[in-house]
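*Asks:* need coordinates for the below:
(chains A and B)
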Number of protein chains: 2
Amino acid sequence: MRETWVVGAASNRFGKMSETGREAATRVSLQAIRQAGLGPKDIGYTFVANAFGISEHQAHVGPLINNGLGIPDVPSVTLESACSSSSAALHEAFVQVAGGFIDAALVVGAEKLSHMDTLSATSYFAIAADYAFETKNGATFPGLYATLASAYRQAFPTKDEMFGAIAVKNHANAARNPHAHFQKEISMATYLASPMIATPLRLYDCCPFSDGAAAVVVAAKEVMKSPVTEPLVVRASARSGSVTDMQDRPDLLGLPATRTAAAKAFRQAKMEPKDIDFLEVHDCFTIAEVLALEDLGFFPKGSAASAAQEGTTTRDGSLPVNSSGGLKAKGHPVSATGASQVVEIFEQVNGLAKGREVPKTETALAHNVGATGGSCSVHIFARR
Amino acid sequence: MRETWVVGAASNRFGKMSETGREAATRVSLQAIRQAGLGPKDIGYTFVANAFGISEHQAHVGPLINNGLGIPDVPSVTLESACSSSSAALHEAFVQVAGGFIDAALVVGAEKLSHMDTLSATSYFAIAADYAFETKNGATFPGLYATLASAYRQAFPTKDEMFGAIAVKNHANAARNPHAHFQKEISMATYLASPMIATPLRLYDCCPFSDGAAAVVVAAKEVMKSPVTEPLVVRASARSGSVTDMQDRPDLLGLPATRTAAAKAFRQAKMEPKDIDFLEVHDCFTIAEVLALEDLGFFPKGSAASAAQEGTTTRDGSLPVNSSGGLKAKGHPVSATGASQVVEIFEQVNGLAKGREVPKTETALAHNVGATGGSCSVHIFARR
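*Replies:* Presented below is the predicted three-dimensional model:
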């Protein structure tokens, strides 16, 4: 297996895009390729994530992106794993490069839903749940994650302010991230005054619908003769599934897929949670950040809710979490999210995260969840 | 790179399914796994193709299939490359197994559109074209392939009966295939009397909308201690893109992606067209079978149109093509098509193609096209 690097990473500003998903994907792809000091002709395969492209009447978008890049003959495929689509794409890119099948791959995730009304956008999101047993019976993701939050709050003593501190932290980080959807801080008072969306989740517990695009270039160490960026060495690329429907799980105090993917990833990397300097986790709702930190093994069960309030996971804390602002405040353009987590790690390592620097950047972890944990990807990166 | 085998393959009957895509996918997956003498727990990764799952309100279907198989922790991803989705999935399965990342993989393609009206189904198909330049301006696939057929007929002397003979041949094959949508022969008179759909394509030049599901199990030779089937050794797994829009291509006398994918595949396999005993090609329209045979290198340009009429490509000819009935008559459930081509090759090699046997089954080729050739996959198989 060849040592495999992330050598370029780019994102547009999440929020509302005037261009199409395909146009945005092409633009950020070119930025990521150029940043790596490469040209499009160095790309051997393009892995696209664009789960809701159908809302723009466009499937089979990989060849269109490759045509835009001037590399029509390069093969491409679109990968979908709900909100973990672009980390699933990154996994395939890693496999193809590490396995020696290609020398360099482009991973690009793009999503546009702002041309749909909110109900339609909610319906699009909801197709990632189990239609027969969840969606058809009225479940949407705020409701499903509210169920997880309720279970957690019944099992462990928690205060509103603990969840509020996660929202405040992630907004403070996003305020310093030019890629973020919400570039504004919020106060605890604002959090506490925000309306209930699905009890116990308030408005500021929930990530927004965002448009966005993010791209990552992966290449074999042996072909990068003189890298122009500080590459991220992929130390682990692991994925897992899980029991999908929440009613079938033994308990609701975590996401089983995170636990199995994390176990695989730490084994691959020959590392433990204590070896990780900072991380991006899948905080589609504040409760999701809590569960992620516990399931990944950074905190004992029932103890991560207070981490933001205590300052452990803030930007200057001992374990910075979601320095990008996370899904919560950077935004969540479904198929761009996994790639954008890697963009944040790349920018931190390359000194490009001006104003939101974390103290230590030797190692990092990215955690991306599909739906309520039917899928999970965990990637671990280190400096060379 | 490890020698990689197809060890099981199963399909339902194409046509109209009463069950959902997810249910059909789970059912054929279990059949393919059992046929291989394996159990679901032997599967290390599930690669799903289900491009139009959204019409059933269902994305993220891999975890649901794995849950149905009793292997919830196994990772999965859905791959889309228009009509070549499940051959793109097979390519990833091959890469992961050959590269040593997993020992065995499940590839399953499923599609259901019969619950939509014909206009909606046509709209679903059309999203695989270029929305900005083709679909928005009224192009659909019958029109686009009619343009290819017109160009061919202007460049080379062809008769209606040549295309008719392809339809007659593929219907005759499908009549002997229990998986086929149309299990009936047609006569040349029926072909010639059928209405024009998009000049020069008649009704019987066109494949139908079909529901269907097909699954393939891929495993490393070294883990298959005592195979219970005659495995297909994957001698090549190659993919290519191409200039997408027809107006941008230097000529319309073939699909560039087929040529590049075929060149890669024959190089990988260290074989030439003359080494192939029989093949399944992507005949979404009769003209597509003609172009495929020329672009793959089996016939000089302009000379494949008469191959069926002359008996070369019939079941007992020197180069049997689409012994399954092809997309034309077996049917074309978009995301199941690529996998179902491998099912036919597997059944021929294992003596399961009763009544439609081809004379020689040492080697075979499967050719699967996305849209009008924006993508193409070519796989070459041989007996061990």
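*Asks:* contact residues of the stretch 101-250 of chain A facing chain B?
*Replies:* Residues of the stretch 101-250 of chain A lying close to chain B by Cβ under 8 Å from any Cβ of the partner chain are A:101, A:126-132, A:135-136, A:239-245, A:248. The C-beta positions use only the backbone N, C-alpha and C, and glycine is treated the same way.
*Asks:* are any of the residues you listed buried, and which?
*Replies:* Taking 16 or more other Cβ atoms under 10 Å in any protein chain shown as the criterion, what is buried in those is A:101, A:126-132, A:135, A:239-245.
*Asks:* okay, and which of the residues you listed map to strands?
*Replies:* Mapping these onto strands (DSSP state E) picks out A:239-241.
*Asks:* strands of chain A, start to end?
*Replies:* A:4-11, A:45-49, A:76-80, A:104-111, A:196-198, A:201-202, A:212-220, A:232-241, A:278-280, A:363-370, A:375-383.
*Asks:* packing partners of the longest one?
*Replies:* With contacts defined as 3 or more Cβ pairs under 8 Å, 6 or more residues apart in numbering or on different chains; DSSP states H and E, strand A:232-241 has these neighbours: strand A:4-11, helix A:85-98, helix A:256-269, helix A:337-349, strand A:375-383, helix B:62-69.
*Asks:* tell me which of those approaches A:Met162 most closely.
*Replies:* helix A:256-269 (19.7 Å; Cβ to Cβ).
*Asks:* and the nearest residue to A:Lys328 once chain neighbours are set aside, how many neighbours does it have?
*Replies:* With Cβ to Cβ, 6 or more residues apart in numbering or on different chains as the criterion, A:Lys328 has its nearest non-adjacent residue at 4.3 Å, and that residue is A:Asn170. Counted with other Cβ atoms under 10 Å in any protein chain shown, the neighbours of A:Asn170 add up to 31.
*Asks:* test my guess that A:Asn170 contacts A:Gly325.
*Replies:* Yes: with contact defined as Cβ atoms under 8 Å, A:Asn170 counts as touching A:Gly325 (5.2 Å).
*Asks:* just to revisit the earlier point, for the residue nearest to A:Lys328, give me its contacts.
*Replies:* A:Asn170 sits next to A:283, A:289, A:322, A:325-326, A:328-330 when contact means Cβ atoms under 8 Å, 6 or more residues apart in numbering or on different chains.
*Asks:* once you drop chain neighbours, what's closest to the residue in the stretch 151-300 of chain A that chain B sits nearest to?
*Replies:* Distances between the stretch 151-300 of chain A and chain B by Cβ to the nearest Cβ are smallest at A:Arg239, namely 3.7 Å. In this structure, A:Arg239 finds its nearest non-sequential neighbour in B:Pro75, 3.7 Å apart by Cβ to Cβ, 6+ apart.
*Asks:* that neighbour: neighbour count?
*Replies:* Neighbours of B:Pro75 (other Cβ under 10 Å): 28.
*Asks:* separation between it and A:Glu92?
*Replies:* 11 Å (Cβ to Cβ, to the nearest Å).
*Asks:* how about the nearest residue to A:Glu272, chain neighbours excluded?
*Replies:* A:Phe266 (6.1 Å).
*Asks:* report the contact partners of that neighbour.
*Replies:* A:236, A:272-273, A:297, A:380.
*Asks:* any chance of these in CSV, with pLDDT and neighbour count too?
*Replies:* Formatted as CSV, those follow (pLDDT from 0 to 100; neighbours: other Cβ atoms under 10 Å in any protein chain shown):
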residue, pLDDT, neighbour count
A:Ala236, 98, 21
A:Glu272, 98, 9
A:Pro273, 98, 15
A:Gly297, 98, 16
A:Ile380, 99, 26
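*Asks:* now for the contacts of A:Asn170, which pair is the farthest apart?
*Replies:* A:Glu289 and A:Lys330 (12.7 Å).
*Asks:* what do the two both touch?
*Replies:* Joint contacts of A:Glu289 and A:Lys330 (Cβ under 8 Å, 6+ apart) are A:170, A:322.
*Asks:* which residues touch the residue in the stretch 1-150 of chain A that chain B sits nearest to?
*Replies:* Residue nearest to chain B within the stretch 1-150 of chain A (Cβ to the nearest Cβ): A:Gly99, separated by 3.0 Å. Residues near A:Gly99 by Cβ under 8 Å, 6+ apart: A:1-2, B:1, B:95-96, B:98-101.
*Asks:* what angle separates the lowest-mean-pLDDT helix or strand in chain A from strand A:104-111?
*Replies:* When each helix and strand of chain A is scored by mean pLDDT, DSSP states H and E, helix A:118-126 comes last, with a mean of 87. On the basis of axes from the mean of the first three to the mean of the last three Cα atoms, to 10 degrees, helix A:118-126 is oriented at 140 degrees to strand A:104-111.
*Asks:* what about helix A:118-126, distance to the chain center?
*Replies:* Between the centre of helix A:118-126 and the centre of its chain there are 20 Å (Cα atoms, centre = their mean, to the nearest Å).
*Asks:* give me the contacts around that helix.
*Replies:* A:52, A:55, A:113, A:116, A:135, A:139-141, A:209, A:334, B:57.
*Asks:* any chance of TSV for those residues, columns pLDDT and distance to B:Phe156?
*Replies:* Formatted as TSV, these follow (pLDDT from 0 to 100; distance: Cβ to Cβ, whole Å):
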residue	pLDDT	distance to B:Phe156
A:Phe52	94	43
A:Ser55	92	42
A:Leu113	94	47
A:Met116	91	47
A:Thr135	92	52
A:Ala139	91	57
A:Thr140	90	56
A:Phe141	94	56
A:Phe209	92	52
A:Val334	97	47
B:His57	94	46
